[in-house]
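Participant: Return atomic coordinates for the entry below.
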Amino acid sequence: MESGMTFDIDLLARTPDLRDMETSGARLVMTLRLWVVMNKLGRCPLQAMAEKLGSRRAAAHLHLMLEEVGAAWPEPFCVSPPCCPRLSHDEALVLDMVRAAGREDRPGFDRLLSDLLPADAREPLFASAGLVAATMREARPPFPSA
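Facilitator: Residues are numbered from 1 along each chain as shown. I've put the predicted structure just below:
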């Protein structure tokens, strides 16, 4: 590395903090964590997800998208514990996926996942993430696409 240039390894490992996020993004991440916990307990998460998101349709679409993510991901999907303010890298990626699909930004969506998944695996995820974003915008309070 050139002298005068420094690299902060902490920047590479740092992920967003729930406490600094807009409410709807934090709500999506907390609902994702709820989905994981309830699935591990062998319980249906849909009612609890609907209460968290303010929409049964958004909960159903998020549930389906997370099932697709679990099937497509090359490694186990990692989430932070419910009490942890920092997002896991996978949680941050799912949030970015929903935001990109909500903006109908297919090139941006593909850039997020191109090193992780082949194009044929990204196609259904883009459609699912778009439905999650659309139904969350209809929920109260709405989910921003930006």
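Participant: contacts for the top helix by length along the chain?
Facilitator: Identified as the longest helix of the chain according to DSSP state H is helix 119-138. Helix 119-138 has contacts (C-beta atoms under 8 Å, 6 or more residues apart in numbering) with 24, 28, 53, 55, 57-58, 61-62, 64-65, 68-69, 72, 97-102, 104, 106, 109-110, 113-114, 117, 142-145. C-beta: built from backbone N, CA, C; applies to glycine.
Participant: D110 and L95, how far apart?
Facilitator: Counting by C-beta to C-beta, to the nearest Å, the separation of D110 from L95 is 17 Å.
Participant: Same drill for the two, tell me which one is more crowded.
Facilitator: More crowded of D110 and L95, by other C-beta atoms under 10 Å: L95, with 19 against 15.
Participant: chain center to the helix or strand hosting the more buried one: distance?
Facilitator: L95 is part of helix 89-102, with elements assigned from DSSP states H and E. Counting by C-alpha atoms, centre = their mean, to the nearest Å, helix 89-102 is centred 4 Å from the centre of its parent chain.
Participant: now do stretch 53-62
Facilitator: 14 Å.
Participant: just stretch 76-86 next, same as before
Facilitator: 11 Å.
Participant: do the same with stretch 79-99
Facilitator: That offset, for stretch 79-99, works out to 6 Å (C-alpha atoms, centre = their mean).
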